[in-house]
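Peer 1: The sequence and its predicted three-dimensional model are supplied below.
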Amino acid sequence: MIDNKSAFCCPVCGGQLQKDGKSLRCENKHCYDYAKSGYVNLLMSQQGRLHGDDRPMVRARTAFLSAGHYRPLLDQIVETALTCVSDAPKIADTGCGEGWYTQELHNALVSKGFSPETVGVDISRDALTAAAKRPFPAEFAVASLYHIPLPDEWAELILNVFAPDCMDEFARILAPKGYLLKIVPREDHLLELKSAVYESVYENEVTPPQSDAFELISDTVVRYTLHLTDNETICNLFSMTPYARKTSPSDMAKLNALNELDTTAAFSVLLYRKR
Ligand SMILES: C[S@@+](CC[C@H](N)C(=O)[O-])C[C@H]1O[C@@H](n2cnc3c(N)ncnc32)[C@H](O)[C@@H]1O
């Protein structure tokens, strides 16, 4: 944020938001208070109910990511971002969760001499409570990624890691020839973890989004073996997956008995350019 100007715009009238004490305010006097942790809630009731990751899921994600298990993926995200950003890129992390990738990408760019302006949006208040406490200069807003409170053509780079996407909305907030970096799991991602828990196991469907507004520039696969050596870390990883919410007690018992696991981590780092 430069001076009092926020990157975000008013979800009611679209006007530029300015920082005013503990609130953001537009010229039409619509006002949004900062939460204690530092995010602002810009989600309108008709744009979807607050859901997304809850507090235990956020805690598990923070513990797992901060231990570095997905650093090879982060390194590829940074490497790809470096090929397409200008000296002072505006970056929007959409579905940013607890902000690990947001912060790490921002700091990696700063360490290479770039001056990024970074924002994160997510529909989960619990996730943003964690993200907004991170010690780096970024703005975070509770919002739906189907109605992102950013002006047209604001972003030079959108990051979207394991989160839903809305290609029309991404095209709206991206500057001409701006980039979208989308990360999706590959078909064999966590296959051995699933095999340890479930009777029958299917590979993930990999369906990179397609849109006339975007051209797919590259699809870089990151694949390696995760060596996990304690039950807490294995459970944290499981909590980060969509399976966490739909596993039977008997399958959960199998998970809770696992103290060691080698499992495949496999991702596609998809780089799109706005046409
Ligand atoms: C699997 S998590 C990924 C979080 C983060 N990108 C990461 O990889 O650590 C998916 C995130 O998308 C958020 N999410 C789900 N639906 C959303 C929506 N409609 N708008 C904004 N965020 C959403 C969830 O709250 C959650 O934080």
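Peer 2: Yep, that arrived.
Peer 1: what does the stretch 1-150 of the chain put close to the ligand?
Peer 2: By CB under 6 Å from any ligand atom, the residues of the stretch 1-150 of the chain that approach the ligand are 48, 52-53, 61, 95-97, 100-101, 122-124, 127, 144-146. Using the backbone N, CA and C atoms, a C-beta is placed for each residue, glycine as well.
Peer 1: How about the contacts made by D54?
Peer 2: S124, D126 (CB atoms under 8 Å, 6 or more residues apart in numbering).
Peer 1: Check K90 too.
Peer 2: A7, P116, E117, V119, W154, A155, E156, L157, A175 are the contacts of K90 under CB under 8 Å, 6+ apart.
Peer 1: pLDDT (mean, whole number) over the helix or strand harbouring the first one?
Peer 2: Applying DSSP states H and E as the criterion places A7 in strand 5-9. Summarised as a single mean, pLDDT over strand 5-9 is 97.
Peer 1: Contacts for the helix or strand following that strand next, please.
Peer 2: Heading C-terminal from strand 5-9, the first helix or strand you meet, by DSSP H and E, is strand 16-20. Strand 16-20 is contacted by residues 1, 4-6, 8-10, 24-27, 31-32, 151 when judged by CB under 8 Å, 6+ apart.
Peer 1: list the buried ones in strand 16-20?
Peer 2: L17, K19 (16 or more other CB atoms under 10 Å).
Peer 1: strand partners of that strand, parallel vs antiparallel please.
Peer 2: Its sheet considered, strand 16-20 pairs with strand 5-9 (antiparallel), strand 23-25 (antiparallel) by DSSP bridges.
Peer 1: what residues are up against F170?
Peer 2: T94, I158, N160, L180, A213, F214.
Peer 1: ok, 6 Å please
Peer 2: I158, L180 (CB atoms under 6 Å, 6 or more residues apart in numbering).
Peer 1: measure it to D262 for me?
Peer 2: 36 Å (CB to CB, to the nearest Å).
Peer 1: just E205 next, same as before
Peer 2: 24 Å.
Peer 1: hmm, back to that, and the contacts of strand 16-20, which are buried?
Peer 2: Counted by 16+ other CB under 10 Å, those give S6, F8, C9, C10, L24, R25, C26, Y32 as buried.
Peer 1: I'd like to know how many residues surround L109.
Peer 2: 22 (other CB atoms under 10 Å).
Peer 1: excluding its backbone neighbours, what's nearest it?
Peer 2: Excluding its sequence neighbours, the residue lying closest to L109 (CB to CB, 6 or more residues apart in numbering) is P116, at 4.8 Å.
Peer 1: cool, and R55?
Peer 2: Nearest one to R55, counting by CB to CB, 6+ apart, is D126 at 4.4 Å.
Peer 1: Surely the one you found is in a helix?
Peer 2: Yes - D126: assigned to a helix according to DSSP: H, G, I helix; E, B strand; the rest coil.
Peer 1: ok, back up a step: out of the residues of the stretch 1-150 of the chain next to the ligand, name the ones that lie in strands.
Peer 2: Among those, the members found in strands (DSSP state E) are D122.
Peer 1: of the residues of the stretch 1-150 of the chain next to the ligand, buried ones?
Peer 2: Buried, going by 16+ other CB under 10 Å: 52-53, 61, 95-97, 100-101, 122-124, 127, 144-145, out of these.
Peer 1: Among those, which pair sits farthest apart?
Peer 2: Using CB to CB, the pair of those lying farthest apart is W100 and S144, separated by 21.1 Å.
Peer 1: one step back: the more surrounded of E205 and D262?
Peer 2: Legend: neighbour count by other CB under 10 Å for E205 and D262, higher for D262 (11 against 8).
Peer 1: Just the buried residues of the helix or strand harbouring the more buried one, please?
Peer 2: Using DSSP H and E, D262 maps to strand 261-274. For strand 261-274, a neighbour-count test (16+ other CB under 10 Å) marks 261, 263-274 as buried.
Peer 1: Can you tell me which of these is closest to N236?
Peer 2: L261 (12.0 Å).
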